[in-house]
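Asker: Model the following, please.
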Amino acid sequence: TFDLGFLQFLVGVDDYSSESDVIIIPSALDFVSQDEMLTPLGRLDKYAASENIFNRQMVARSLLDTLKEVSDDERDCIAVLERISRLADDSEPTVRAELMEQVPRIAVFCQENRPSIPYAFSKYLLPIVVRYLADQNNQVRKTSQAALLVLLEQELIERYDVETKVCPVLIELTAPDSNDDVKTEAVAIMCKMASMVGKDITERLVLPRFCEMCCDCRMFHVRKVCAANFGDICSVVGQQATEEMLLPRFSQLCSDNVWGVRKACAECFMAVSCATSQEVRRTKLSTLFINLISDPSRWVRQAAFQSLGPFISTFANPSSSGHFFKEEESKNTEDHRSIRDTEDVTTEDVHSRTEKPPSDADFSDFTIKLENTREDHKPVPSNSQSETDYQTETFLCCTLSSESCGEIADENKQSSSFCSIATLQESGLRSQETSLSEQELYNSFHFWRTPLPEIDIDLELQQTDQIMPDPEIREGTKDVTVPASSNITMATRKELEEMIENLEPHIDDPDVKGIVKMLVSGNVFVELFPPHMQNIDSTLRYIHNDSDLSTNSSFSPEEERKSKVQDVVPQALLDQYLSMTDPSRAQTVDTEIAKHCAYSLPGVALTLGRQNWHCLKDTYETLASDMQWKVRRTLAFSIHELAVILGDQLTAGDLVPVFNGFLKDLDEVRIGVLKHLHDFLKLLHLDKRREYLYQLQEFLVTDNSRNWRFRYELAEQLILLLDLYSARDIYDYLRPIALSLCADKVSSVRWISYKLVSEIVKKLHMASTSTFVVDFMNELVEKFCRCPKWSGRQTFVFICQTVIEDDCLPMDQFAVQLLPHLLHLASDRVPNVRVLLAKTLRQTLLEKEYFLNSASSHQEVVEQTIMALQMDDDNDVKYFASTHPASSKIADDAMSTASSTY
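Answerer: Model (predicted):
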């Protein structure tokens, strides 16, 4: 049956008789003649009514051709379109799918011939496309979905039709009682068409149903599709609709019980963030993202970490993201606030912040200023210039308590004693102080075992303590100490003496030493301490001078954390980003998490700004020394962009060492810096830039000699580097590399090196010292024109051709320096050299004005040489010497003839 059907399809016959198993097949000529006698509509009707599936498929494929044949007659066009509507009811899915594949082409034809067949697409074709969206066959549905998107993208559907015919059907297909597969596909179509139909239609017709689908409790596939396309919808409807209607749904999706939905949310987080305000981004989205990063599912965490860098980049302030490479350039353009932020970045990040103890309500009689040494205290943000100035002083509180502040439950039974001590120290003296280790900061003395006697604080001492935080205090004030001992009563003094007497037996305890040293160093109650308690080793000092952070090379973990504090992005996000270099992340999240960190680092750096580079510096150095070459390769490809962001000073200090390391790395890493060598070197100062002249030669050596693209890239970069160096440097360092590349084994490398040599000739000619260009041309003659190998002599012709084409030399100078040696090759014994010479003379040299109008002896010599080449024994030489450039495709012919043999 299959054979008979196939044979029937070949001849196009619907009926056959089988008497005695004999098939009667008319001749091909009879069949062709019968079809030729039919009109286009007749043929269409004949095969559309065929029972053979293949015939009906052929009808669907030939619909456009049939329309073109009858396009002059409006009635025939309408008739064809009506038959398309009947063919759309075909029971065979393959026929319907084939028809739908042709609809976009037919729609384009109808659009181009709109006067002849007005409204043809809207009346006949669009209903078929919309109806097929709910077809039972999966292939037909997929084809119709693709056709609908193509029609929308090419704007072939009128806006009215979108509102009245397309959107209602999609809304109906996403109804709760709709088929699951159809519903999922309809939601995907709604999301994809949002950007094509615009904000108005999307917000009025699509957005309400989309919000309902985000909460579909029965089908997680629907929620997953909504989550995957959430960013597209947000970008279309805008900020207001996103924050009011979509953000609550997005929050629900981020906490969905299906990990695939949460993963889709993580992947589109950047697009959602771009559609919200800075405040919403910071307060709401950051919290959602932190939850995704700590998700129980590894796949969700993996997607979240991949989106972390892009999400952080959305916090960039467009008004302040403009960066200046030279540090002095920013001084003329940045406002006072930006300058102050830049100058104070170190003090703001490393100085202590004022804090309030957790139980300050219990001590409302006086204000206690605590130093930021307790991790469980929350810092008070600095919101004014006076607070910033106030942070330059150190306020210290010594707590002598029987219980920690957090453990005080009954304010009527306080057994704590607080000594409020205010010490002002000049910033120059702070660097002499050393900070204690983390273990010493969190010592057991805060949870002292033996209750100490209660101390009555004198009113004058309280008033003094309240006066000290006055922001009017100037930084230049010398060391000022509060004369506490003179302001206490005799009873209080006696209690202090008893306390010191109780502490003396425990002086060897590190906790006691720390407290005693703190009091002695602060000049508080010094006279009450015995001499041996006043001379405790200075290494146990408890005073926490924040200026040590900038001078002490060994930071405690707490200090190191403070050094990475900034206020551009939420600190929790930055901390998670910095943790991407942790080796444990590669095991628990993604083996390539470091690569994702490196890929997004320039964007994060641009967001934070160069004033916060200290937050990323350690991470960048860790990535630059990563064991995976893919991580280092990623950094190598972006180091020039990072240099623009950081400026010349930070680049010279932090990026140049990394750049130098990449130069000695694997070829896979070196190609990254090589591709942007010019972009990076142009950012350096001249003296620093000249240091790399000695290393350019190393790029000629690769791990694999067959890696010719490496040398090709080197030649391209050297052409750009010519503008960065003097004629002396070019002649001494770049010239030898160019000559070496001209003799490369790969033709593509040689072609680009010819361009490099010609540019060097041009650069040396423009220099004030003319001896460089003369010496260089003499070297070209000696090295190539007189080369014993024919390939070298051919190289000389190529170089001369490039020099002429690019006008690298005045023609009179070329005629003196290079032309005689070039014409000498007319007698070369290798035809390939003479072929290229004939092409160069005929098509390049004689096209120059100097040789067209000049009656000099050079013109005569050139004409004599061409005549000699026209009489050459080789036919190719004769051809190129005789043919005028305008009469043939001479360039392609000459190129193939001259270079195909080596």
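
Asker: residues touching Trp613, list them.
Answerer: Shown in contact with Trp613 (C-beta atoms under 8 Å, 6 or more residues apart in numbering): Ala605, Leu646, Leu650, Asp654. From N, CA and C alone the C-beta is placed, and that goes for glycine too.

Asker: and with 6 Å instead?
Answerer: With contact taken as C-beta atoms under 6 Å, 6 or more residues apart in numbering, Trp613 is in contact with Leu646, Leu650.

Asker: The one 3 residues further on now?
Answerer: Leu616 is in contact with Ala605, counting by C-beta under 6 Å, 6+ apart.

Asker: right, and the helix or strand after the one helix or strand it maps to?
Answerer: Per DSSP states H and E, Leu616 falls inside helix 613-624. Counting by DSSP H and E, the element after helix 613-624 in chain order, helix or strand, is helix 629-646.

Asker: name the helices or strands packed onto that next one?
Answerer: When contacts are defined as 3 or more C-beta pairs under 6 Å, 6 or more residues apart in numbering; DSSP states H and E, helix 629-646 packs onto helix 593-608, helix 613-624, helix 667-675, helix 677-681.

Asker: Tell me the helix or strand right after it.
Answerer: Toward the C-terminus from helix 629-646 - assigned by DSSP H and E - lies helix 648-650.

Asker: Now that next one: buried residues?
Answerer: Buried residues in helix 648-650, counted by 16 or more other C-beta atoms under 10 Å: Asp648, Leu650.

Asker: For the strand or helix carrying Ile189, C-alpha coordinates in PDB please.
Answerer: Using DSSP H and E, Ile189 maps to helix 180-197. Only the C-alpha atoms of helix 180-197 are listed here, as PDB (Å, rounded to 0.1, in the frame of the first residue of the first chain):
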ATOM      1  CA  ASP A 180      -2.800  22.200  31.300                       C
ATOM      2  CA  ASP A 181      -0.500  22.100  28.300                       C
ATOM      3  CA  VAL A 182      -2.400  24.700  26.400                       C
ATOM      4  CA  LYS A 183      -2.500  27.000  29.500                       C
ATOM      5  CA  THR A 184       1.200  26.800  29.900                       C
ATOM      6  CA  GLU A 185       1.900  27.600  26.300                       C
ATOM      7  CA  ALA A 186      -0.600  30.400  26.300                       C
ATOM      8  CA  VAL A 187       1.100  32.100  29.300                       C
ATOM      9  CA  ALA A 188       4.400  31.800  27.500                       C
ATOM     10  CA  ILE A 189       3.000  33.400  24.400                       C
ATOM     11  CA  MET A 190       1.400  36.200  26.500                       C
ATOM     12  CA  CYS A 191       4.800  37.000  28.100                       C
ATOM     13  CA  LYS A 192       6.700  36.900  24.800                       C
ATOM     14  CA  MET A 193       4.300  39.100  23.000                       C
ATOM     15  CA  ALA A 194       4.200  41.800  25.700                       C
ATOM     16  CA  SER A 195       7.200  43.600  24.400                       C
ATOM     17  CA  MET A 196       5.700  43.600  20.900                       C
ATOM     18  CA  VAL A 197       2.300  44.900  21.700                       C
END
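
Asker: what comes up buried for stretch 570-579?
Answerer: Going by 16+ other C-beta under 10 Å, stretch 570-579 has these buried residues: Pro570, Leu573, Leu574, Gln576, Tyr577, Leu578, Ser579.

Asker: Mind checking which of these are in helices?
Answerer: Leu573, Leu574, Gln576, Tyr577, Leu578 (DSSP state H).

Asker: Identify, from those residues, the entry nearest to Glu592.
Answerer: Distance to Glu592, by C-beta to C-beta, is smallest for Tyr577 among those, at 15.4 Å.

Asker: rewinding a little: and the helices and strands packed on helix 629-646, which is most packed in?
Answerer: helix 593-608 (a mean of 23; mean count of other C-beta atoms under 10 Å).

Asker: Which other helices and strands does that one contact?
Answerer: helix 298-313, helix 629-646.

Asker: Kindly recompute the last result at 7 Å.
Answerer: helix 298-313, helix 583-588, helix 613-624, helix 629-646 (3 or more C-beta pairs under 7 Å, 6 or more residues apart in numbering; DSSP states H and E).

Asker: low-scoring stretches of the stretch 801-902 of the chain, by residue?
Answerer: Along the stretch 801-902 of the chain, the model assigns pLDDT under 70 to residues 853-857, 883-902.

Asker: which stretches of it form helices?
Answerer: 811-817, 819-824, 831-839, 849-853, 857-870, 875-882, 890-899 (DSSP state H, counting those that start in this stretch).

Asker: For Glu212, which of those is the nearest?
Answerer: Using C-beta to C-beta, the helices of the stretch 801-902 of the chain put helix 890-899 closest to Glu212, at 62.7 Å.

Asker: on that earlier part again, how about the ones in helices among the buried residues of stretch 570-579, which pair is most distant?
Answerer: Put simply, by C-beta to C-beta the two of those set farthest apart are Leu573 and Leu578, 9.8 Å from each other.

Asker: Any idea how many residues pack against Arg728?
Answerer: By other C-beta atoms under 10 Å, 12 other residues sit near Arg728.

Asker: ok, residues contacting the helix or strand hosting it?
Answerer: Element membership for Arg728 (DSSP H and E) is helix 727-729. Here helix 727-729 makes contact (C-beta atoms under 7 Å, 6 or more residues apart in numbering) with Arg690, Leu693, Lys763, Leu764, Ala767, Thr769, Phe772.

Asker: May I see the PyMOL selection of the buried members of those?
Answerer: The PyMOL command for the buried members of those (criterion: 16+ other C-beta under 10 Å) is given here:
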select buried, resi 690+693+763+764+772
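
Asker: what would the contacts of helix 727-729 look like in JSON lines with pLDDT?
Answerer: Formatted as JSON lines, the contacts of helix 727-729 follow (pLDDT from 0 to 100):
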{"residue": "Arg690", "pLDDT": "93"}
{"residue": "Leu693", "pLDDT": "93"}
{"residue": "Lys763", "pLDDT": "92"}
{"residue": "Leu764", "pLDDT": "93"}
{"residue": "Ala767", "pLDDT": "85"}
{"residue": "Thr769", "pLDDT": "75"}
{"residue": "Phe772", "pLDDT": "91"}
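
Asker: Could you export the contacts of helix 727-729 as JSON lines, including secondary structure and distance to Ile804?
Answerer: What follows is these, written out as JSON lines (DSSP: H, G, I helix; E, B strand; the rest coil; distance: C-beta to C-beta, whole Å):
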{"residue": "Arg690", "secondary structure": "helix", "distance to Ile804": "32"}
{"residue": "Leu693", "secondary structure": "helix", "distance to Ile804": "29"}
{"residue": "Lys763", "secondary structure": "helix", "distance to Ile804": "17"}
{"residue": "Leu764", "secondary structure": "helix", "distance to Ile804": "17"}
{"residue": "Ala767", "secondary structure": "coil", "distance to Ile804": "20"}
{"residue": "Thr769", "secondary structure": "coil", "distance to Ile804": "24"}
{"residue": "Phe772", "secondary structure": "helix", "distance to Ile804": "20"}
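
Asker: Next, format the contacts of helix 727-729 as a markdown table and append distance to Lys675.
Answerer: Formatted as a markdown table, those follow (distance: C-beta to C-beta, whole Å):
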| residue | distance to Lys675 |
| --- | --- |
| Arg690 | 21 |
| Leu693 | 19 |
| Lys763 | 22 |
| Leu764 | 26 |
| Ala767 | 28 |
| Thr769 | 32 |
| Phe772 | 29 |
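
Asker: just to revisit the earlier point, past the helix holding Arg728, which element shows up next along the chain?
Answerer: Immediately after helix 727-729, counting by DSSP H and E, sits helix 735-742.

Asker: pLDDT on that next one, on average?
Answerer: Averaged over helix 735-742, pLDDT sits at 94.

Asker: list the helices and strands that helix packs on?
Answerer: helix 708-721, helix 747-766.

Asker: can you redo the ones you listed as JSON lines with distance to Ala97?
Answerer: What follows is the helices and strands packed on helix 735-742, written out as JSON lines (distance: least, C-beta to C-beta, whole Å):
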{"stretch": "helix 708-721", "distance to Ala97": "44"}
{"stretch": "helix 747-766", "distance to Ala97": "46"}
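
Asker: Select, out of these, the one closest to Leu623.
Answerer: It's helix 708-721; of these, that one is closest to Leu623 (C-beta to C-beta) at 23.4 Å.
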